[in-house]
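Visitor: have a look at this prediction, sequence included:
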There are 2 protein chains.
Amino acid sequence: MEKKEFDAFISKKGLKRTRERDEIVSEILCCQGHFAPDDLFVTMKSKGSKVSRASIYRTIPLLVEGGLIAQVEKTDKHAHYEKVSKKSHHDHMICTVCGKVIEFYSGSLERMQERLCRQESFRGIHHCLEIMGVCKDCDR
Amino acid sequence: MEKKEFDAFISKKGLKRTRERDEIVSEILCCQGHFAPDDLFVTMKSKGSKVSRASIYRTIPLLVEGGLIAQVEKTDKHAHYEKVSKKSHHDHMICTVCGKVIEFYSGSLERMQERLCRQESFRGIHHCLEIMGVCKDCDR
DNA sequence: ATATAATTGAGATAGAGTCTCAATTACAAT
DNA sequence: ATTGTAATTGAGACTCTATCTCAATTATAT
């Protein structure tokens, strides 16, 4: 997903292209992998951007709807997002005791999912697997 | 999962069986399907229970760790939980065009996830797999 | 019965996310 | 280029979920 595709999405919806939205999209495309909205605000502020927290929170649903980012992780505290990108795909194990997130990737798991999709005549584009449980440090 | 299994889990961890925990577990086992912590507090209060909000929030992680409930849904606002039930487990394929949800289950997929958990020394309790894509009716 | 360690409730506190509203700005129509 | 209008913005107040504090209470083993 490129910036201009997002711009097209914005104007298709009858919304306006603004400096703030440009800055947010650029920051996510260039630098961020996995982020929380508030962290994004702090990062951008430290780089000199004057974008407000409100604008970031208001832009995020657009980015999700436009397919630029996807929500990942179900933590009790805050939402986390990451760029939608085939290359860096991974799944998560989340410790419900300490909140630690273990990222993992398994080619066999991916292939098995592809096979299941074919069985259902479903064209899978993106997925999100979260295994909730207890990590070794918290389990005793 | 029965109440006595939870009691066993509690004592195995060296914790105490209290009236408050009993009430919370009973309420969830008897009545609740899908709930938010605060709703549970309100419901129990309206039934005359004197359990505090703090106790509910403190008990929920135990219920999750004990495998009685699992966190579901990724809302920005609050956490939602539901009773864990082996029988009804399934994963989802979600069509982003028409919104159709295909429920599926694969034993091999489950076993592969268990293997991956062992590799990470992670005790998986529950998981949530959502494959986003396009269903056969919408794909042409 | 006693010791002790876990648990509790009330209320303070933390913190993510939303809302308000006046000022500003993008865009289309003139 | 100018104007109209509707979307957008920022600052900060606000909401609401969730956590923490701490003295009083209670479960459990001895």
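Guide: Sure, I can see it. All values derive from a computational prediction rather than experimental measurement.

Visitor: where does chain A have its least confident helix or strand?
Guide: In chain A, the helix or strand scored least confidently by mean pLDDT, DSSP states H and E is strand A:69-72, which has a mean of 82.

Visitor: pretty sure residue A:43 sits in a helix.
Guide: Yes: assessed with DSSP: H, G, I helix; E, B strand; the rest coil, residue A:43 lies in a helix.

Visitor: for chain A, what lies in contact range of chain B?
Guide: A:71, A:73-74, A:76, A:79, A:93, A:95-97, A:102, A:104, A:106, A:108-109, A:112-113, A:116-117, A:120-136, A:139 (C-beta under 8 Å from any C-beta of the partner chain). (Each C-beta comes from the backbone N, C-alpha and C, glycine too.)

Visitor: chain center to the lengthiest strand in chain A, what's the gap?
Guide: Secondary structure of chain A per DSSP state E: the longest strand is strand A:123-134. Relative to its parent chain, strand A:123-134 has a centroid offset of 13 Å by C-alpha atoms, centre = their mean, to the nearest Å.

Visitor: neighbouring contacts of it?
Guide: For strand A:123-134, contacts defined as C-beta atoms under 8 Å, 6 or more residues apart in numbering or on different chains pick out A:70, A:72-74, A:84, A:91-97, A:109, A:113-114, A:117, B:64-65, B:70-71, B:93, B:96, B:113, B:116-117, B:122-135, B:139.

Visitor: does it come close to DNA strand D?
Guide: No: Strand A:123-134 stays clear of DNA strand D (C-beta under 7 Å from any atom of the strand), getting no nearer than 14.4 Å.

Visitor: strands paired with that strand, and their directions?
Guide: Using DSSP bridges, the strands paired with strand A:123-134 are strand A:91-95 (parallel), strand B:123-134 (antiparallel).

Visitor: sec struct for the most centrally placed residue in chain A, please.
Guide: Compute the mean C-alpha point of chain A, and by C-alpha atoms, centre = their mean the closest residue is residue A:82, 2.2 Å away. Three-state call for residue A:82 (three-state DSSP): strand.

Visitor: you'd agree it is up against residue A:70?
Guide: Yes: if you go by C-beta atoms under 8 Å, residue A:82 and residue A:70 touch, sitting 6.5 Å apart.

Visitor: what comes into contact with stretch A:107-114?
Guide: A:89, A:91, A:124, A:127, A:129, B:106, B:108-109, B:112-113, B:116, B:129, B:131.
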